Structure formats: C-alpha cells, structure tokens
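**Student:** Sequence and predicted structure are below.
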Amino acid sequence: MAILHPFRAVRPLSDAAERVASVPYDVINSAEARALAEGNSQSFLHVIRPEIDLPQGVDEHADEVYQTGAANLKAFVASGYTLQEEEPSLYLYRLVMNGRSQTGIFGCVAVADYDGDVILKHELTRPSKEDDRTRHILEQRAHAEPVMLTFRDSPAVEALMAECQGQAPLYDFEAEDGVHHTVWRFERPLEVVEAFGRVSSVYVADGHHRCKAASRAAAEVGATPSDEAAYFPAVLFPMGQMRILAYNRVIRHLPVAPSQFMAQLEIRFGLKPNVAPVPTRRGEVRLYIEGTWFGLELPESEGSSAADALDVGRLTEHILEPMLGITDPRRDPNIDFVGGIRGTEELERLVDGGHAQLAISMHPTSIEELVDVSDAGLLMPPKSTWFEPKLRSGLLIHLFD
C-alpha cells in the first residue's frame, strides 16, 4: 500500500506566493527562464534554474550552477518572505485552467515505494537528466519541486479533500498564463495518511527524472525510513481529474520529395485531404505537409502488448520505422516533439517556416491506457503524454538536512 508522508514545508508567505511561484524547470530553457525571472528576485527560477544568475552562455552543468542553486535556496529559506512549518503537514492543491478544475494532495511519497513498484513508471529516464537532478538535490539538500502522480479514485480520500476545501486557503492566485492556483493545509493530516494507506498503487504522470533522482539521492546519502531524504514531494491526483493532451511530432527531413511521400502513404493507408488538424478519435492521425492537412487511419499493431496498442506505438510501427527509418524516436535527430498545449498552429508554423517537412497531429493517450501500460510493467514510447496544467514550483519545498 502507498505511503503518504507529511512534511515540514518551507513556503512563501501568502502575499509573496504569486511572485515566488514559477513554472517547472523542464518546460523552459535558460533564455526563457532569464526572461521570466527578470526584475523578480523572489522568483523560484533562481533556485531551479540557477544559471540565470550567472553570465550568459555558462554550461548548465557547470559546478558553479549547482553551487549557485544551493546558495539561492539557502537565501530563500532565510529570507523574510518565507517560513517553515512548525509541524509536518499535508496540503491540497487545486489548479483551474479554462474553467476545468483539477485537485490533488500535496505531500511526500516514499523512495521505497518508487523502488518497490508501488509507484509505477511508464517511461525510461535518461542518465544525463538523472545526473543533473540528482546533483541539484544533493547540493541543495532538498527536493525543490514536486512530481505529478495519479491514483485510482478513492471515495474516502476524496471526501477528505472536499472537506479541506471548506477552509480558508493558504494561497489563491492566478498566474500569468491564466491558470488559477489554490492551496489549502489539511487540519488533520493523519486522517489523510490513513485513508491513503488503502491505495494500492500510484502512477507517475509527470516527473520520471525527479523520481529517479530522488531515489538515487536517497541511496547516496544512505537514507533510512526515518530520514527525510527517504521521501520526496508529489501532488497526487485522482485519475478522474487528470487531463492528458496530445504529444505531437514533426519530421525534419523526408527521405523522398513530399509529393512522393504522400503518394506512398496513399497507397499504404489511403488519405483524406483538407481535414481538420485535430484527430477526433483513437487510431486517427492528421498530417500537415505543403500547406495541407490530411487524415489517416493507423492500422492496429501486430504486437499484443498494451504499449503496442498505443497510437504512438502504432505510428512508429507503421510509418516512422518502415517509411522514415526512425527506429529509435528517443534519439533520432530527424524527429522532434511538440506538446499539445502549443496547438496545431505551432505544427503549421514549423512546417511553413521550413523547420520541418512533415507534422503529425496525434490523438491524446488516455489515462486508462497509461495505467494499462504501467500495470503490465511496460514502458510507453517516448513523448506519449503531455499533462496540463503544470504544477507551480516554489510553493512547498521539502528539506532533508
């Protein structure tokens, strides 16, 4: 059963939360982080993207970047606009995007659950990203950002969540991207711990590298179950509230002329020209090439696993591998991935601007498909899911030293 662990969060005072809260480290690059944090010394980007406080062009993995991040977190903790809770606590975190609400429990989960597959994964992690996050954790002696997890809907847990929302919130603000963020503190966290203890499995939605880095950091410091380093922060959402957007693809170079490639697709699958750019159902993709959107039905996979049945797997099996020679989408430089939040207009821009020759608009992977793959102990193809809205960083930080 899953372990939910209250913690003594370091957090901004209520009137500083909006200035502190930032997008996660991995949805922006260094230049974007500099622009977002400009003129705001309280932005948490100074902790999770510390290269912005060093000269432009510095290597993101240079020693001074990690040292600066640790110094910036230390200053954050000691500042007059933050506090640390007196008692271990749990929180409720609600995000509202375009009128749609998503509410989860903000607490710590156990490295032992991650290592023991109570927390189930669906994605491979890259060693270089693991190394980077692990070093930040060890240098800062903290987990600065939460991961996003999901669990099967539990009436007992959700009743406690609903009760918590009747209290006055700690934070309640709208970020610059229009997403509204509200955070409450549970008055009786042990009741939540007990109810959540009946949840059998938890699933990684967003944050595989941070999970793995937390595991590695705990091993490196020799953490025992009584040590805070044996736990890391997460926001845990009931599955019924999760929203997955498509993760679209662009192909930089086709092996033949675009007209010839389209003729090959027509022979293999049949094409519908001048269609809407967003697929309406599973198994359908839309292709943008030379200014026109085409529709295509993917054949079923010849494989039998839950991962094979995913649209992203069927795309690789029937188009990427045999027609484009892309056998490893994770590493092939000829393919790139565009999160669905950017819309199909971004796909058109990339093709029309000469950055790619083909764009592929996908139907979103469902939460049920993610769970089926995870329960089977399988891995999804790369870039199968894009979760939105994103959690804000800097609201609740977990120290372990």
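**Tutor:** Structure's in. What do you need?

**Student:** What ranges does the chain have for its helices?
**Tutor:** Counting by DSSP state H, one finds helices in the chain at the ranges 17-20, 30-37, 45-48, 63-78, 111-115, 127-140, 155-164, 189-196, 208-221, 258-268, 311-315, 321-324, 343-352, 367-375.

**Student:** ok now do the spatially most central residue of the chain, which residues does it touch?
**Tutor:** Nearest residue to the geometric centre of the chain (Cα atoms, centre = their mean): Asp206, 3.0 Å. Asp206 sits next to 147-148, 385, 387, 390 when contact means Cβ atoms under 8 Å, 6 or more residues apart in numbering. (Glycine included, C-beta is placed from N, CA and C.)

**Student:** Equivalent analysis for Leu190, please.
**Tutor:** Residues near Leu190 by Cβ under 8 Å, 6+ apart: Pro6.

**Student:** where's it relative to Glu87, distance?
**Tutor:** Distance, Leu190 to Glu87, using Cβ to Cβ, to the nearest Å: 11 Å.

**Student:** Residues that sit against both of the two, list them.
**Tutor:** By Cβ under 8 Å, 6+ apart, Leu190 and Glu87 have these common neighbours: Pro6.

**Student:** Just give me the closest of the contacts of Asp206 to Val250.
**Tutor:** Nearest to Val250, judged by Cβ to Cβ, of those is Thr385 at 17.7 Å.

**Student:** Now the closest one. Its backbone dihedrals?
**Tutor:** Main-chain torsions, Thr385, degrees, to the nearest 10: phi -130, psi 140.

**Student:** Can you get me a residue count around the residue lying closest to Thr82 once chain neighbours are set aside?
**Tutor:** Distance criterion Cβ to Cβ, 6 or more residues apart in numbering; nearest residue to Thr82, sequence neighbours excluded, is Pro12 at 5.3 Å. Around Pro12 there are 24 other residues, counting by other Cβ atoms under 10 Å.

**Student:** Pro12 touches Ile397, doesn't it?
**Tutor:** No - using Cβ atoms under 8 Å, Pro12 is not in contact with Ile397; the gap is 9.5 Å.

**Student:** Could you check how far the residue nearest to Thr82 is from Met161?
**Tutor:** From Pro12 over to Met161 (counting by Cβ to Cβ), the distance is 23 Å.

**Student:** ditto for Arg34
**Tutor:** 37 Å.

**Student:** Between the two, which has more neighbouring residues?
**Tutor:** Higher neighbour count among Arg34 and Met161: Met161, with 20 against 16, using other Cβ under 10 Å.

**Student:** residue contacts, that one?
**Tutor:** With Cβ under 8 Å, 6+ apart, Met161 has these contacts: 92, 103, 105.

**Student:** Which strand residues bridge the closest residue to Leu358 other than its chain neighbours?
**Tutor:** If the residues on either side of it in the chain are set aside, Leu358 comes closest to Ile251, at 4.1 Å by Cβ to Cβ, 6+ apart. Beta-bridge pairing for Ile251 (DSSP bridges): Ile335, Leu358.

**Student:** Now render the contacts of Met161 as a markdown table, adding distance to Leu287.
**Tutor:** Converted to a markdown table, the contacts of Met161 look like this (distance: Cβ to Cβ, whole Å):
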| residue | distance to Leu287 |
| --- | --- |
| Leu92 | 42 |
| Thr103 | 37 |
| Ile105 | 41 |
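
**Student:** I figured Val235 hits Pro389, correct?
**Tutor:** No - Val235 is not in contact with Pro389 according to Cβ under 8 Å; the separation is 11.3 Å.

**Student:** higher neighbour count, these two?
**Tutor:** More neighbours surround Val235 than the other of Val235 and Pro389, with 24 against 19 (other Cβ under 10 Å).
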